[in-house]
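> fold the following.
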Amino acid sequence: MSSRQIRYTLAALLVFMLLGTHGLAGTKVGEAVPGFTLKDLQGTVYDLSALKDRPMVILYFFDAASRPSQEFMLTMDSLTRKYQQADLMVWAITRSPKDAVAKFTKEAGSSFPILLDDKGISDLYDARLILPTTCIVGPGLTLLDSFQGGGKTTNVMLVRLAERTLQRNETHLAKAITGEVIKKDPADTSARMIAGYASLKGGDVDEAQKTFTALSNETGPAEVLGKEGLASVHAVKGEPDKALQLAAEVEQKAPDRGYVNVVKGDILYSRNDKAQAEAEYTKAVQKQAAEDFQKATANNKLGRLYASVGQYDTSRGLYDQAVKLDPYYVEAMTNKGLTYEKQGDWGKALDLYRQGQSVSRDDVFALALAKRATEMMAIQGDAQRKERMDRLIKDLAERYRTQKKLAAKDEDIWTSRPMVLSFVDFQESGTLSERDGFSTVITSQLADQLNASGRVKVVERVLIERLLEELNLGSSDLADPETALRLGRVLAAKIMGTGSLIHVPGATMMSLRLIDTETSAIPKVFTSELAQATSLKKELADLNRDILATIMQKYPLQAYIVNVSDTQVMINLGTNQGVVLGTTFEVIEEQGVIEYKGRKLQAAPKTVAKLEVTSVEPDLAYCRIVEQARQVKRDDKVVEKIDPALIKG
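Purely as a prediction, here's the structure:
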């Protein structure tokens, strides 16, 4: 090798050492990357600024004629085809001649665009001297990571991409990416560790345990990472003593590893030892040896603890650090927003909820909280509406204190009234969940879905919160069933919804009770497990369906026939009471009382006709006669006929 070649090689190595994973020479990690507009072979224009709302973009600078440079391209092409739902955006950029690009495209058949760099864009990204160069670009087109070179660097970069993907809760894709690395290097400890946490976060606890056990049976760093992961596994499995034992072993072998302190903190918090939990979370934040997603979790947990005691400024600093470490940490974003919400600063809260939506468009918490903040700002900006609500709150508070009834009982006890339901916040216990606002989000989402059904009217959450504030009632007061029932009666709610949330590592156990405010009976109790990996969409949709089914079964619509013509029957119920097109009713005839051995027995009503709603108004519905055993007449009673298939969902 000539001296000139040696100097060139040394220079290249020096550049690689300086730039390998520390960002571009002109752009630091966390800063916006240079913008550009380039074309592909067909002349289609691609403008990077159009991707500013994308949570992640991968810019890959490569040589179309170099096999090592093509390696990552082929891997990512395979993954993007297989995991299209992950919305993985890759732009490949090359300075190679058009004929070389055309040949590669024909042979490889890339599923993402290959852009021709004829404007020196590669220089802006320091991607001329060493290829391939990979830039992982995050929210707001900020630089998250950059890597230069192929070979082992490709594996390092893929592991980092897997971690970023795990941060986005794309657990299947994270496992697939690490799987590609493990195929090439079965001994890659980092890839196996990320795969284990992807399995755990995705709910595959057995696979996670298998992965971490294999690591723990090795020596050196692999053993430590394996036992650290196993501590989390046993915590999720409800085996705290095993988790604490493994945490102690990790602390002894690697005292600088901090994630086991998060595991210990969670267990201590669940045992109501909040002082020691705080100490463990603090250790986890202070220790430096951990993956970014683990450090972010530690900061978020400590932030949650400070927020729970009203130390909002301190908690916000910790949430900021969590997001700096993990730019996709929507949990920390909404948690910070809730600290502003609790202080009445709805504008700042909304900004943070929208930030959360920008990195996770389907996040139920960010969506529900943003909607709520928008509504609160609208109320604050409408002086007349605010004044009306203030008067209503004063009136309701007075009714609660005196237990004065809203109105005298109606003489018509047969006709159904609008079904009004009111939720009060759930009681939360167990470990410290990653997310604040669980009760708010669940009840808000259920209220929206139930209101949309038309069958149930849910009392506005803001009205309940303002009333509780006026009455100086806290969550501990609402734990008393009698207090909750009194509140429901004042709000004219037929049904009160209340319950509990028990947070455990990796999941939340929810129990929801529906209580009849008139009889104190409990028509139904719902229980479900909300896994950490779930978006809550399906779970809340299922719960909404079950609540509606229960109300329809326990409280079928009842009405009178108001008028009968040759073509239709009019009844005294409409959309205000939950009637919709297609609702079916039975016309019933009450049967007499039978006396037998000194007892009076009431026979079931007899069905004499069946009706189906064909048009509906707010307080009236018009029906066709499906069948009749006798001529229906004015003042006949009708009762809703529930379709069993509808109840079963």
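> tell me the domain boundaries of this structure?
384-554, 558-648 (automatic domain parsing).
> point out the most buried one among these.
Each of the domains of the chain was scored by mean neighbour count; the highest is domain 384-554, a mean of 17, by mean count of other C-beta atoms under 10 Å. From N, CA and C alone the C-beta is placed, and that goes for glycine too.
> mind telling me which of the domains of the chain the model trusts least?
Lowest mean pLDDT within the domains of the chain: domain 384-554, at a mean of 86.
> for the stretch 1-150 of the chain, which segments count as helices?
If DSSP state H, counting those that start in this stretch is used as the criterion, the helices of the stretch 1-150 of the chain fall at 3-19, 67-82, 98-108, 121-124.
> hey, least reliable of those helices by pLDDT?
Least confident of these, judged by mean pLDDT, is helix 3-19 with a mean of 42.
> contacts only, for the residue nearest to residue 139 when sequence neighbours are not counted.
Of all residues beyond its chain neighbours, the one nearest residue 139 is residue 359 (5.1 Å), with distances taken as C-beta to C-beta, 6 or more residues apart in numbering. With contacts taken as C-beta atoms under 8 Å, 6 or more residues apart in numbering, residue 359 has the following neighbours: 55, 139, 168, 327, 328, 330, 333.
> longest helix of this protein, counting residues only.
helix 383-402 (DSSP state H).
> can you tell me what sits against it?
378-380, 404-406, 462-463, 466-467, 470-471, 486-487, 490-491.
> follow-up on the earlier one: nearest to residue 103 among the contacts of residue 359?
The closest of the contacts of residue 359 to residue 103 turns out to be residue 55 (C-beta to C-beta; 33.3 Å).
> so the closest one sits against residue 360, correct?
Yes. Residue 55 is within contact range of residue 360, at 7.2 Å (criterion: C-beta atoms under 8 Å).
> okay, and the common contacts of the two?
168, 328.
> thought residue 283 was touching residue 259?
No. Contact status for residue 283 versus residue 259: not in contact, 10.6 Å apart, counting by C-beta under 8 Å.
> higher neighbour count, these two?
Using other C-beta atoms under 10 Å, the more surrounded residue of residue 283 and residue 259 is residue 259, with 25 against 19.
> OK, contacts around the closest residue to that one other than its chain neighbours?
Using C-beta to C-beta, 6+ apart and skipping the chain neighbours, the partner closest in space to residue 259 is residue 294 (4.2 Å). Contact partners of residue 294, counting by C-beta under 8 Å, 6+ apart, are 258, 259, 262.
> would you map the strands across the stretch 451-600 of the chain?
Read by DSSP state E, counting those that start in this stretch, the stretch 451-600 of the chain holds these strands, from start to end of the chain: 456-458, 495-504, 507-516, 524-531, 558-564, 569-571, 584-589, 593-596, 599-602.
> columns distance to residue 131 on top of those, output as JSON lines?
Formatted as JSON lines, the strands of the stretch 451-600 of the chain follow (distance: least, C-beta to C-beta, whole Å):
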{"stretch": "strand 456-458", "distance to residue 131": "59"}
{"stretch": "strand 495-504", "distance to residue 131": "48"}
{"stretch": "strand 507-516", "distance to residue 131": "45"}
{"stretch": "strand 524-531", "distance to residue 131": "42"}
{"stretch": "strand 558-564", "distance to residue 131": "76"}
{"stretch": "strand 569-571", "distance to residue 131": "76"}
{"stretch": "strand 584-589", "distance to residue 131": "70"}
{"stretch": "strand 593-596", "distance to residue 131": "93"}
{"stretch": "strand 599-602", "distance to residue 131": "87"}
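> one step back: the residue nearest to residue 139 and residue 32, how far apart?
Taking C-beta to C-beta, to the nearest Å as the measure, residue 359 falls 16 Å from residue 32.
> and residue 128, what does it touch?
Residue 128 makes contacts with 95, 122, as judged by C-beta under 8 Å, 6+ apart.
> 6 Å - rerun?
Taking C-beta atoms under 6 Å, 6 or more residues apart in numbering, we find residue 128 in contact with residue 122.
> so which of the contacts of residue 294 belong to helices?
The helices, defined by DSSP H, take in 259, 262 from those.
> now distance to residue 97 and pLDDT too, for the contacts of residue 294, in a markdown table please.
Compiled in a markdown table, the contacts of residue 294 are given as follows (distance: C-beta to C-beta, whole Å; pLDDT from 0 to 100):
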| residue | distance to residue 97 | pLDDT |
| --- | --- | --- |
| 258 | 50 | 96 |
| 259 | 49 | 98 |
| 262 | 52 | 98 |
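> gap between the longest helix of the chain and the chain center?
Put simply, helix 383-402 sits 34 Å off its chain's centre (C-alpha atoms, centre = their mean, to the nearest Å).
> quick one: the nearest residue to residue 497 once chain neighbours are set aside from residue 302, how far?
Computed as C-beta to C-beta, 6+ apart, the closest residue to residue 497 that is not its neighbour in sequence is residue 423, at 4.4 Å. Taken as C-beta to C-beta, the spacing of residue 423 relative to residue 302 amounts to 30 Å.
> re earlier: wait, which of the contacts of residue 294 is closest to residue 59?
Looking at the contacts of residue 294 and their distance to residue 59, the nearest is residue 259, at 31.0 Å (C-beta to C-beta).
> any idea how far residue 147 is from the nearest residue to residue 605 once chain neighbours are set aside?
Distances taken as C-beta to C-beta, 6+ apart place residue 588 nearest to residue 605, at 3.9 Å, with adjacent residues excluded. When C-beta to C-beta is applied, the distance between residue 588 and residue 147 equals 75 Å.
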